[in-house]
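Visitor: generate coordinates for the sequence data below:
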Amino acid sequence: MPGTRRWSRTGLLATAVAAALSVTGTAGAASGPVSDAHFVAHLDITEAQRPENIALEPGGGADVTFAYARQVARITPDGRAHVLATLPAPPAGSVTPALTSPFLGGIVRTHDGTLYFLYATGTSDLTGVWRLRPGGTAQRIAALPADGLPNGLALDRHSNQLYVADSVLGTVWRVPVAGGTPTRWAAAPELRPAGFLGANGIKTHNGAAWVSNLDKGTVLRIPLTCHGGAGPVETRATGLVDIDDIDFTGAGDSLLAAINKDNEVALVRPDGSHSIVLTAADGLENPTSLAVRGGTAYIASGAYFTNTDPNVLAVRVEHGNQRKRELTDE
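Guide: Numbers count the residues shown, from 1 in each chain. Predicted structure coming up:
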């Protein structure tokens, strides 16, 4: 139920239990399209280190957002988390739409190491797209509506545009990487919530923005027109209720989808069919996001419902042509 989900993503922080494991190790025995599941990092639940979104660093590290700690952190290849920035708290009494507490969402990285991420507070002075340059301090570069929930973030490297999935307003915003006034790029019934959260994860891929809808359990494809506009929304997969983030396994249209509440990752094929390829037995604890590079998928788990071990897993992806993704992502 919506009320239960809302409490689970905010109130759990007040009832955090013992710290998560502090060493990496072996997870379950995933097989088939993915294999060799192993932990990259176990994070500290007592410090609210619940990863919401992930972007990959060269050399095996990863950058994550800690949703309710208001922090951006780097996880080094040895599994250690180093806080890069803590965003300012909103005024007392501020209420973030749908989630109540301030929420740090999607994150992407450009070639020069600059990080872009989303912050929602229910206030007009803080909600929007933020930027963190290497060695710098975080600053907001674009304001987004305070009554929305900017959640998923994607980068189109060819046009230097950021695409923001707003889970409350059912909108995809477009923002230049240089910052400025957002454009309402796409708004359609397929993007809207059905009780809690709508448009959630987002990636740009093969000339389109692909968006998940958490409430409706769908994967949507929105073509990018020759003039940069949004084409008609296409529903490419259904039956994935509580879907969070997505990413593609290679140059084709097969993708992995994080199914948050069920502790699963699904492989979604180009025809819309899907199968479960990772479960709690592999170490998933409410997976929130994933990123694929060079035949390896990294999955971040926020442990919002399990409340035990927020972590980052890595698995070998054996499905799809990887070479084109390696060239475009580096």
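
Visitor: under the pLDDT cut-off, which ranges of the stretch 1-150 of the chain? List them.
Guide: The model of the stretch 1-150 of the chain has pLDDT under 70 over residues 1-32.

Visitor: do that again at 90, thanks
Guide: For the stretch 1-150 of the chain, the stretches with pLDDT under 90 are 1-33, 59-60.

Visitor: how far is stretch 212-226 from where the chain is centred?
Guide: Mean-position distance between stretch 212-226 and its chain equals 15 Å (Cα atoms, centre = their mean, to the nearest Å).

Visitor: could you pull out the buried residues of that stretch?
Guide: Across stretch 212-226, burial judged by 16 or more other Cβ atoms under 10 Å covers 212-222, 224. For every residue, glycine as well, the C-beta is placed using N, CA and C.

Visitor: start to end distance for it?
Guide: In stretch 212-226, first residue to last residue: 23 Å (Cα to Cα, to the nearest Å).

Visitor: and that stretch, average pLDDT?
Guide: Averaged across stretch 212-226, the pLDDT comes to 97.

Visitor: show me the contact partners of the helix or strand hosting residue 131.
Guide: In the assignment (DSSP states H and E), residue 131 maps to strand 128-132. The set of residues external to strand 128-132 that reach it, using Cβ atoms under 8 Å, 6 or more residues apart in numbering, is 72, 84-85, 87, 114-119, 138-144, 150, 153, 162, 164, 175, 179, 182.

Visitor: just checking: what are the partner strands of that strand?
Guide: strand 115-120 (antiparallel), strand 139-143 (antiparallel) (DSSP bridges).

Visitor: please enumerate the helices of the stretch 1-150 of the chain.
Guide: 2-10 (DSSP state H, counting those that start in this stretch).

Visitor: check the offset of stretch 282-293 from the chain's centre.
Guide: Centroid separation for stretch 282-293 versus its chain: 10 Å, with Cα atoms, centre = their mean.

Visitor: sorry, back to before: TSV for the strands paired with strand 128-132, including distance to residue 249?
Guide: Putting the strands paired with strand 128-132 into TSV (distance: least, Cβ to Cβ, whole Å) gives the following:
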stretch	distance to residue 249
strand 115-120	24
strand 139-143	31
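
Visitor: which one of those strands lies nearest to residue 248?
Guide: Nearest of the strands paired with strand 128-132 to residue 248, taken as Cβ to Cβ: strand 115-120 at 19.9 Å.

Visitor: how about stretch 162-178: buried residues?
Guide: 162-177.

Visitor: try stretch 59-78
Guide: Neighbour-count burial for stretch 59-78, counted by 16+ other Cβ under 10 Å, picks out 61-75.

Visitor: going by distance to residue 288, which of those residues wins?
Guide: Of all the buried residues of stretch 59-78, residue 288 sits closest to residue 67, with 8.0 Å by Cβ to Cβ.

Visitor: I'd say that closest one and residue 105 touch.
Guide: Yes - counting by Cβ atoms under 8 Å, residue 105 is a contact partner of residue 67 at 7.1 Å.

Visitor: what's the overlap in contacts for these two?
Guide: Common contact partners of residue 67 and residue 105 (Cβ under 8 Å, 6+ apart): residue 52.

Visitor: flag the shaky bits of the stretch 151-300 of the chain, pLDDT-wise.
Guide: For the stretch 151-300 of the chain, residues meeting the criterion pLDDT under 90 lie at 226-227, 294.

Visitor: all the strands of it, in order from the start?
Guide: For the stretch 151-300 of the chain, the strands defined by DSSP state E, counting those that start in this stretch cover 161-166, 171-176, 183-187, 199-205, 208-213, 218-223, 234-237, 243-248, 255-259, 264-268, 274-278, 287-293, 296-301.

Visitor: out of those strands, which gets nearest to residue 49?
Guide: Of all those, strand 296-301 sits nearest to residue 49, with 10.6 Å by Cβ to Cβ.

Visitor: follow-up on the earlier one: and the strand holding residue 131, how far from the chain's centre?
Guide: In terms of Cα atoms, centre = their mean, the centre of strand 128-132 is found 15 Å from the chain centre.

Visitor: now the buried members of the contacts of strand 128-132.
Guide: Buried members of the contacts of strand 128-132, counted by 16+ other Cβ under 10 Å: 72, 84-85, 87, 115-119, 138, 140-144, 150, 153, 162, 164, 175, 179, 182.

Visitor: which strand of this protein spans the most residues?
Guide: Counting residues, the longest strand in the chain under DSSP state E turns out to be strand 34-42.

Visitor: tell me the angle it makes with strand 255-259.
Guide: Interaxial angle of strand 34-42 relative to strand 255-259 (axes from the mean of the first three to the mean of the last three Cα atoms, to 10 degrees): 50 degrees.

Visitor: ok, back up a step: any chance of the buried residues of stretch 212-226 in CSV, plus distance to residue 280?
Guide: As requested, the buried residues of stretch 212-226 are exported to CSV (distance: Cβ to Cβ, whole Å):
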residue, distance to residue 280
212, 20
213, 24
214, 19
215, 22
216, 24
217, 19
218, 24
219, 22
220, 27
221, 29
222, 32
224, 37
